[in-house]
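Enquirer: Below: sequence and its predicted model.
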Amino acid sequence: MHILAIIPARGGSRGIPKKNIVPLLGKPLIVWSIEAALGSKHIDRVVVSSDDKQILETAKTYGSEVVVRPKKISGDNSPYELLIQHALKELKKKNGYFPDLLVYLQPTSPLRTADDIDKALELFFVKKADAVISVYALDKKYLKSFIAGKNGFLLSAFNNRFSFANRQDLPDVFMPNGAIFAIKTDIFLKRKQLFALKTIPYIMSVERSIDIDTLDDLKRAEKNLKID
């Protein structure tokens, strides 16, 4: 099975300038994801997709292949599926490579390790799933929440059964943490998303689920990496 890791890293960033190459414990942020992907025993190819020359040079320096992403699909609101489709097209055109499985690794999740990637993929194989997504557990009480309807009256955010159920009777609740998305390539191309009908969770701790968007997130990541 051919397994491709794609790391998206555009040059623009609002919260932290040049966020994807900002130093984190002496290494550019994106390098943490590159090293995790290269350290996986299942991934056979690692590609960074970027529109930024400095990011592309950094990626090559640390052992990743690169795909130069067009500016038209590198904006704040550019859908992720377009950059994945572009990378797949470029790799196929370059040397006929087409993966069986895609692993999408956001560089803003530096606490995700090669071991996490391998465990998520092994869970995917064992469960015979179509996709796996890394998540962290939420408090079940959120299923009991309400929203305001058009007339200002309360409506159950999920369903009335959850709103008045005992906590122990509620199902487990998970939030994607952005660290790992893996999906069969043919299913991704059909659905144009990283979620399939047979998607399983790979559970990570809240502490290792930091998604870096601000300087405070960066400081928390540094603290947690030092603890590890």
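Expert: Cool, got the structure. Please read these numbers as outputs of a predicted model, since none were measured by experiment.
Enquirer: wait, residue 60 sits on residue 54?
Expert: No - in this structure residue 60 lies outside contact range of residue 54 using C-beta atoms under 8 Å: 11.0 Å. From N, CA and C alone the C-beta is placed, and that goes for glycine too.
Enquirer: does the closest residue to residue 45 other than its chain neighbours have beta-bridge partners, and which?
Expert: Computed as C-beta to C-beta, 6 or more residues apart in numbering, the closest residue to residue 45 that is not its neighbour in sequence is residue 4, at 4.9 Å. Judged by DSSP bridges, the bridge partners of residue 4 are residue 45, residue 102.
Enquirer: mind listing what residue 4 touches?
Expert: Residue 4 is in contact with 43, 44, 45, 46, 47, 91, 97, 99, 101, 102, 103, 185, counting by C-beta atoms under 8 Å, 6 or more residues apart in numbering.
Enquirer: how about 7 Å then?
Expert: Contacts for residue 4 were tallied using C-beta atoms under 7 Å, 6 or more residues apart in numbering; they are 45, 47, 99, 102, 103.
Enquirer: Most neighbours among these, please name it.
Expert: Among those, the one with the most neighbours (other C-beta atoms under 10 Å) is residue 103, at 25 neighbours.
Enquirer: tell me the contacts of it?
Expert: The contact partners of residue 103, by C-beta under 7 Å, 6+ apart, come to 3, 4, 5, 43, 117, 180, 182.
Enquirer: still on that earlier bit, state the distance from the residue nearest to residue 45 to residue 221.
Expert: Using C-beta to C-beta, to the nearest Å, we find residue 4 at a distance of 26 Å from residue 221.
Enquirer: in the top helix by length along the chain, what counts as buried?
Expert: Longest helix of the chain, by residue count under DSSP state H: helix 80-95. Within helix 80-95, the residues that count as buried by 16 or more other C-beta atoms under 10 Å are 80, 83, 84, 86, 87, 88, 90, 91.
Enquirer: Residue 67: neighbouring residues, count only.
Expert: As a burial measure, residue 67 scores 21 neighbours (other C-beta under 10 Å).
Enquirer: quick one: it is in a helix?
Expert: No - counting by DSSP: H, G, I helix; E, B strand; the rest coil, residue 67 is located in no helix; its state is strand.
Enquirer: Quick check: it vs residue 61, distance?
Expert: Distance check for residue 67 against residue 61: by C-beta to C-beta, it reads 16 Å.
Enquirer: So which bits of the lengthiest strand in the chain are buried?
Expert: In the chain, taking DSSP state E as the definition, the longest strand is strand 173-184. Neighbour counts over strand 173-184 (16+ other C-beta under 10 Å) mark 176, 177, 178, 179, 180, 181, 182, 183, 184 as buried.
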